[in-house]
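# sequence and predicted model, in that order:
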Amino acid sequence: MIHHTRLLTISLAFILGATILYATPRTISGTVTGEEQDALPHASVQILGTKLGVVADENGKFTLTNLEPGRYRLRASCVGFESSVIGVDVTNRNAVDVRLHTRRNYLQLDQIVVTATKTERIYQEVAVPTMVLTGKEIQESGAVDVAGAISDRLGIDLRPGRVGGQSAEIQGSDPKYLLVLIDGEPVVGKFDDRTELNSLATNRIDRIEIVKGPGSSLYGSEAMSGVINVITKTAQKPIELAAEAKSGSNDMYEFATSYGTKQANWSLLLNGSSLHEGKTQRRDYITLIANDRYDVGGKFRYFSDDDRIKGEVNANYTDNKEESRNPDLRYVTKLVRTDFRPSIKFRYRPWAEGAFKIRYSKYDRKYDVYVRRSGYHDETQSNETNETTSSAEFDYWRQFSAGYEANFGVAAQKSTYSAARISWGKGQEVFQWSVFAQSERRWAEELTTIVGARFDRNETFGDFFSPKISAMYTPSDWLKIRGSVGRGFRAPSWVELYLTFPHPAVGYEAYGNPDLKPETSVGYNLGYEMLYKRKLLWTVNGFWNDFRDQIDDYSVRPSILSYRNIGSSYSRGFETTWKWYMSQYLSASAGYQWMESYDRESENFLPHPRHSGNVRIEGKALTNRITGSLRARVSERYVQRFDLLLGDYTNEFEKFSTKPIFDATITLNGALLMNNWKEFAVTAGGTNLLDETNDLYGPYIGKKVFIALNYNFAK
């Protein structure tokens, strides 16, 4: 009896001890170091497979607390360094101290991207090829809008609008098939069914991510050929002050300023800019006389002590006015955008996180046309467009195992639209709801697959299902193979559905077709990425995009026009890029694309560049006090004639190859003169330095130069 009592006592003590041991929260602390074993300040440390992570202090020290007993994989990452991953076992120990050693990454392959999967990922781990423009690249380009920032990117071609605006096409597809986002939300308000990128300011942009190929499985309508996501800045330091004054050709001047602060539980960034552009030709016979833009915005973030709750409020207001003219007509366009986006994220388990966000966006556009009579321009036509979108979305992320995670979402959106030519100003209203899901599976260290799908129900065009599958195979640490296939769609626009334009005085009448169905696409991408000695990166990607049920206008009977689904076309080609880090002072990159687009209905090739390429050389000296870049691009172009009397493009094409377009930028830091002037910098540069011009195609309008004074202070 005594023996059994002792045995029972020992067993209970063991169970109690084990319970206390396993109930005790675990702690992992450590240091992140660089190549020379020096501490790496402000490195990011994350527990893989969870949303848990911290940022190391100035000495590279970090601590992760309140962990459950078990085995974890920690990843340390920092801009300019490769990721480092180690395994840590805290099953039987309360605290562990570790060291994560990283090597310098000269090619910046560890940048964070979010667009391709809707979750934060390091570029090297994403199965979908993504192009990233950094804030540094945008600043040194001298671009005052998104159109200028992406103008020299491989596979992107800017297209001028009818009154001077610029939109972008990817892989030979019409700009109306490209979805443009700001912080993951679609830009509200288009002209001629296309997003004008010249109306989006660059002063508040942190980076631009570009994903080529259908993205409707995550983002819905319009993401048929690709997605451009403009990601805005966030305060990172206790005190941040920045200001820029820029002046350049064509009577251009811009002033921009921002203030940011990051405290223990919150951060705030406020910014604003004012831009004026003078006379410059934009397209056939149409000259931009003046462009004035005012942009103000702010981003507020809150995060709880345990990092379980994160809130964000993002707001922006833009006022843009353009005036353009030709010998007989004068156009005045004024657009106002208002955007308000609050959101909240909550993590209730290390392996589960939810997010809820709402949005209110308003877009007002007034477009006036004046006809020249006896030396004066008199108003003959005024057209006002108003669009409002309200939406709500809930996302849920879950880690099911070390190699399997998924995210789910449901969204609802209500849009209203009114315009003079839409049922004579009568407002139209559409409600839509959507559900989407995406699953990512790492079958082994070598293979990762992503399967996603989205279902949209729209009370106008009905239901649509958009699936996509992507895969990445990594047979070695120097080779990655990526491939994807997906379906995209574009819902018929308000104009195509509800246009009412009975105007016999101009010789024709035009009406929408409420029976239109969505345009569709299927896109294929396959390519590889090779890394040689961590200093030379070579990528190749082939693509094929097939478009069906394209919406075209047609003549119902003489002088009566409408729309119908009859179009069918494809674009195909390949692109290759090289990035070479030659030394700590010099690097270079180059790219080439071959592409052709074909219209099956007319049995003609479409007027898109067949051959295009670019080269970029970057250098620095005197411990980064002098930095500079030289950039060149060239393309074979087809010009489609525009008939002003008909108000449309003709079937006449002219092919021409431009000379190389050279751009250059140099930045001189104030520390060249005095050490305490390091917050100041002067940037000077120019585009199209060889003064290439062409009377038939607007972007080649001659040389432009600029000079900017920058002030950046951070504590």
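Looks like it came in fine.

# can you name every helix or strand that the helix or strand where Glu169 lies contacts?
Using DSSP states H and E, Glu169 sits within strand 166-170. Identification of packing neighbours for strand 166-170 by 3 or more Cβ pairs under 8 Å, 6 or more residues apart in numbering; DSSP states H and E yields helix 146-149, strand 156-160, strand 178-182. Heads up, the C-betas are built off the backbone N, CA and C, glycines and all.

# partners of that strand, with directions?
strand 156-160 (antiparallel) (DSSP bridges).

# and the strand it pairs with with strand 178-182, angle?
90 degrees (axes from the mean of the first three to the mean of the last three Cα atoms, to 10 degrees).

# who's in contact with strand 156-160?
Residues outside strand 156-160 that contact it (Cβ atoms under 8 Å, 6 or more residues apart in numbering) are 147, 150-151, 166-170, 172, 175, 194, 197, 210, 282-283, 608-609, 612, 635, 698-699.

# try stretch 469-484
124, 126-129, 213, 445-452, 468, 485-486, 523-532, 541.

# so which of those residues belong to helices?
Among the contacts of stretch 469-484, DSSP state H puts none in helices.

# only the buried subset of those, as a ChimeraX command please.
Entered in ChimeraX, the line below selects the buried ones among the contacts of stretch 469-484, by 16 or more other Cβ atoms under 10 Å:
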select :124,126,127,128,129,213,447,448,450,451,452,468,485,486,523,524,525,526,527,529,531,541
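
# restricted to strands, list the contacts of stretch 469-484.
Among those, the residues falling in strands (DSSP state E) are 447-452, 468, 485-486, 523-532, 541.

# against Lys118, how distant is the residue sitting nearest the centre point of the chain?
In the chain, the centroid-proximal residue (Cα atoms, centre = their mean) is Asn229; its distance is 1.8 Å. Per Cβ to Cβ, to the nearest Å, Asn229 is found 10 Å from Lys118.

# Asn94 is nearest to which of the helices and strands packed on strand 166-170?
Of all the helices and strands packed on strand 166-170, the one in closest proximity to Asn94, counting by Cβ to Cβ, is strand 178-182 (45.0 Å).

# just checking: what are the partner strands of the closest one?
strand 185-186 (antiparallel), strand 226-232 (parallel).

# going by neighbour count, list what's buried in the last one.
Neighbour-count burial for strand 226-232, with 16+ other Cβ under 10 Å as criterion, is recorded at 226-232.

# including pLDDT and distance to Asn513, could those residues go into TSV?
Output for the buried residues of strand 226-232, formatted as TSV (pLDDT from 0 to 100; distance: Cβ to Cβ, whole Å):
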residue	pLDDT	distance to Asn513
Gly226	90	27
Val227	93	28
Ile228	93	29
Asn229	94	32
Val230	94	33
Ile231	93	37
Thr232	93	38
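
# coming back round to it: so which of the helices and strands packed on strand 166-170 comes closest to Thr261?
strand 178-182 (22.7 Å).

# send the alpha carbons of that closest one over as CSV?
Extracted C-alpha coordinates of strand 178-182, given in CSV (Å, rounded to 0.1, in the frame of the first residue of the first chain):
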residue,chain,number,x,y,z
LEU,A,178,-4.8,46.8,-66.4
LEU,A,179,-5.9,47.2,-62.8
VAL,A,180,-4.3,50.1,-60.8
LEU,A,181,-4.3,50.0,-57.0
ILE,A,182,-3.3,52.3,-54.2
